[in-house]
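Novice: Predicted coordinates and the sequence they were generated for:
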Amino acid sequence: MIDNQFRPTPQSRILPAVFDALEVAGITDAVVVCANGKVFPMSESDTDQKIGAANLARMEANGWGFFQNDPRNADAYEFVGVSSGGTPVWFHQEVAGSEVKIAIGQAQANPGGAGRGGRASGVLGRLGRRRRSHPRPGALRCIRAGANHP
């Protein structure tokens, strides 16, 4: 999982080390998912700049897909439970179905609140708009699995 074009994390320089480790371990079933939060998906140009042409070519050669978080597309998510605060939680299907999850990103301060940005990269899910706009620390640490929620 990586952060989006609005975060300064140098993904194009970090991903080669991650890809090296995946290849050495013989992992062939891998994907990269961009945690866009409530921001629009990255354009092709943004993706090339953020991930890097060489990394995109390497992903293609290895059969590793690239996906972007889009909270407006409910079909891309799997319901996983309810947060300790009672908020229904869905994970992106590509993240929910992965045995190992690696998040590379950077939180940053936003106007109107200290350090609110960046929490979504650890989850890549969908929460109610109110919760995503004003998340509480630890709101997603305790998820009750198997809850019957639409």
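Specialist: Done, it's in.
Novice: Am I right that I14 sits in a helix?
Specialist: Yes - I14: assigned to a helix according to DSSP: H, G, I helix; E, B strand; the rest coil.
Novice: surely it meets I104?
Specialist: Yes - here I14 lies in contact with I104, judged by Cβ atoms under 8 Å, at a distance of 5.6 Å. Placement of C-beta: from N, CA and C, glycine included.
Novice: what's the spacing between the spatially most central residue of the chain and I104?
Specialist: Of all residues in the chain, the one closest to the mean position by Cα atoms, centre = their mean is A35, 3.4 Å from it. Noted for A35: a distance of 10 Å to I104, by Cβ to Cβ, to the nearest Å.
Novice: those helices in the protein, which residues are they?
Specialist: Taking DSSP state H to define them, one finds helices in the chain at 11-24, 44-51, 53-62, 93-96, 129-133.
Novice: mind listing what's buried in the longest one?
Specialist: This means helix 11-24. Q11, S12, L15, V18, F19, L22 (16 or more other Cβ atoms under 10 Å).
Novice: swap in stretch 87-94?
Specialist: Under the neighbour-count criterion of 16+ other Cβ under 10 Å, stretch 87-94 has T87, P88, V89, W90, F91, H92, E94 buried.
Novice: For stretch 25-33, measure first residue to last.
Specialist: Start and end residues of stretch 25-33 are separated by 20 Å (Cα to Cα, to the nearest Å).
Novice: So what's the gap between it and the chain middle?
Specialist: Stretch 25-33 has its C-alpha centroid displaced from the chain centroid by 15 Å (Cα atoms, centre = their mean, to the nearest Å).
Novice: what sits up against that stretch?
Specialist: With contact meaning Cβ atoms under 8 Å, 6 or more residues apart in numbering, stretch 25-33 is reached by 1-2, 15, 22, 51, 59, 62-69, 92, 94-95, 98, 124.
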